[in-house]
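1. Sequence first, predicted coordinates after that:
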Amino acid sequence: MSDTSVVSNSIDIEAIRAQFPILHQQVNGKPLVYFDNAATNQKPLSVINALKHHYEADNANIHRGIHTLAERSTTAFEDTRKAVQAFINANEAEEIIFTKGTTESINLVASSWGRKFLNEGDEIIVSGLEHHSNIVPWQLIAEEKGAKVKAIPVLENGDLDIPAFSNLLSDQTKMVAVNHASNSLGTINPVREIIEMAHAAGAKVLIDGAQASSHLIIDVQALNADFYALSAHKMYGPTGVGILYGKRDLLEKMPPYQGGGEMIKEVSFDGTSFNDIPYKFEAGTPNIADVVAFKAAIDFINELGKENIAAHEAELLSYATKALKEIEGLKIVGEAQEKVSVVSFTVEDIHHFDLGMWMDAKGVAVRTGHHCTQPLMDRFCIEGTIRASFSVYNTKAEIDTFIAALKDVIKKFKP
Ligand code: PMP
C-alpha cells in the first residue's frame, strides 16, 4: 500500500482533497475513487462558493444596466475574461470569446470562418486522434462548401505520424485542426511543430485544448495558434462554459456566428451593424454565473501551479501504468512519448462495459466506450477501452484500490 498523506512535489494532496466535498462519499458501499477526470473533473469549494455568491449577492444581467448589481456582475464577468487571457497568454482580453465549451468554440470557427474562407476543393486536416467535436463541425462545413476533410494517421504507440502530416499539407490546405492532448489515449501532440508546418503551407490552425487546459502550460502567442478552444469543466470549473481564443485580425474578419442582443451596434430594418470583438460573437445573455465561477477555477490552478499539478499527475500516471502492465491479458492502448494523465486499456475476453460496471460496484468510477473518438477506435480495431484519468486530488492509494478492484473483477470473469 502506498502513502496516502503525501505532500507531493510541494503540494499537499490531503489539503487539496479537503477542498472537494464530492470526493468524500461512499458509492455502492465503498469509498469513491473518481478516475473519470478526462470527462469532467470535480469542483473545489472556491468554485462552488463563487457560484453561490454570485446568485446570493451580485446577480444581474451584464453590460447593459447602470445599477450597482449590473456593474458588479459585469465586472466579475469581465474579470474572468482577463483571467483567461493571462492563463493562455493571449495578447488582449478581447481575443477571448465565451462559449458553452470546446464543442461550441470549434463550431463557431467552422461555421463563421469556414463559411467565409472555405471554397470548393479546399482541404481541412484533422487528426486520427480527434474527439468527434473536432471532426463533425468540419465535415458539416466541408459538405456545405465542397471542401474535403483529411486525417493525420496515428502510429501504433498513439503518436501522430508527423511525416504523413507533412505529405498531406498542400496549397489546398486551409485549416489544420488538432487537439493539444488526446482524451482517449493521453497523447500530447507536438502542436508548436504542427502549427509551424501548417503556417508554412499557408493554412490556419485551431487547437482543441480541452484535455490540455488543466495539465499543460498554454501560451497561444508562443505557439502562434490562430484559434484555441477549451472548456471550464475540464479544469475544475463549471459545466456549460468555455472559451474560444482567436487572433484579433482573424476574429475581426469573421462574420457573426449567431444574431441577437449584445452582438450589434445598431439595428434597423435597413441593415444592422455589428459590435466589436468579443461581443460580436456573444449573442444573447451568456452563462454569467458560471463564467464568474470559472475565475475561481483558474485561481485554483494558478495557486497550485501547473508544474506542480503536472508533476503529481505524471507520478500517478507512471505508477498506474506500471501496475496495469503487470496484469495478464491487459493491453494498454496508447503509449505515446508524452502523455497527460490518461491511461486507456482493454482486457482480453472481457467487454469494457462489463468491467466498468463491476468497477462501479466497487466504488471506482472509470470511463468505458469509444470516448467520442470512433475513428481512433477503428484505427486500433477495437470498439472501446476502459479509461482511467487522474486529477490533482487523486492519490497512489486510490490507484492501489483501483488495481485491486480490477484484479478482483477480472477474476470473476476468468477464475
Ligand atoms: N475535445 C476533447 C479532446 C475533449 O476531450 C472534449 C470533451 N470530452 C471535447 C473536445 C468536447 O468538450 P465539451 O464537451 O466540453 O464541449
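-> Yep, it's here.
2. And for residue 64, the neighbour number?
-> Residue 64 has 11 neighbouring residues, counting by other C-beta atoms under 10 Å. (C-beta placed from N, C-alpha, C; glycine too.)
3. tell me the contacts of it?
-> residue 70 (C-beta atoms under 8 Å, 6 or more residues apart in numbering).
4. can you rerun that using 10 Å?
-> Contact partners of residue 64, counting by C-beta atoms under 10 Å, 6 or more residues apart in numbering, are 70, 74, 261-262, 285.
5. just these: which has the poorest pLDDT?
-> pLDDT across the contacts of residue 64 is lowest for residue 262, at 84.
6. And what about that residue, helix, strand or coil?
-> The three-state assignment at residue 262 reads coil, by DSSP: H, G, I helix; E, B strand; the rest coil.
7. what's near enough to touch it?
-> Contacts of residue 262 by C-beta under 10 Å, 6+ apart are 61-64, 275, 279-286.
8. how about the residue nearest to residue 369 when sequence neighbours are not counted, phi and psi?
-> In this structure, residue 369 finds its nearest non-sequential neighbour in residue 384, 4.4 Å apart by C-beta to C-beta, 6 or more residues apart in numbering. Taking degrees, to the nearest 10, you get phi -180, psi -180 for the backbone angles of residue 384.
9. likewise residue 245?
-> phi -100, psi 140.
10. do you know how far the residue of the chain positioned farthest from its centre is from residue 339?
-> In the chain, counting by C-alpha atoms, centre = their mean, residue 270 sits farthest out from the average C-alpha position, at 41.7 Å. Distance, residue 270 to residue 339, by C-beta to C-beta, to the nearest Å: 56 Å.
11. thinking again about what came up before, hmm, residue 347 and the residue nearest to residue 369 touching each other?
-> No: shown here, residue 384 and residue 347 do not form a contact pair, counting by C-beta atoms under 10 Å, at 11.8 Å.
12. Up against the ligand, what does this structure have?
-> 101-103, 131, 133-134, 179, 183, 208, 210-211, 231, 233 (C-beta under 6 Å from any ligand atom).
13. Output those as CSV; include the columns secondary structure and pLDDT.
-> Output for the residues of the chain next to the ligand, formatted as CSV (DSSP: H, G, I helix; E, B strand; the rest coil; pLDDT from 0 to 100):
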residue, secondary structure, pLDDT
101, coil, 98
102, helix, 98
103, helix, 98
131, coil, 97
133, helix, 98
134, helix, 98
179, strand, 98
183, coil, 97
208, strand, 98
210, coil, 98
211, coil, 98
231, strand, 98
233, helix, 98
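14. Compare the residues you listed and tell me which has the most neighbours.
-> residue 208 leads these on contacts (other C-beta under 10 Å) with 31 neighbours.
15. Looks like that one contacts residue 131 (just checking).
-> Yes: counting by C-beta under 10 Å, residue 208 touches residue 131, with 6.8 Å between them.
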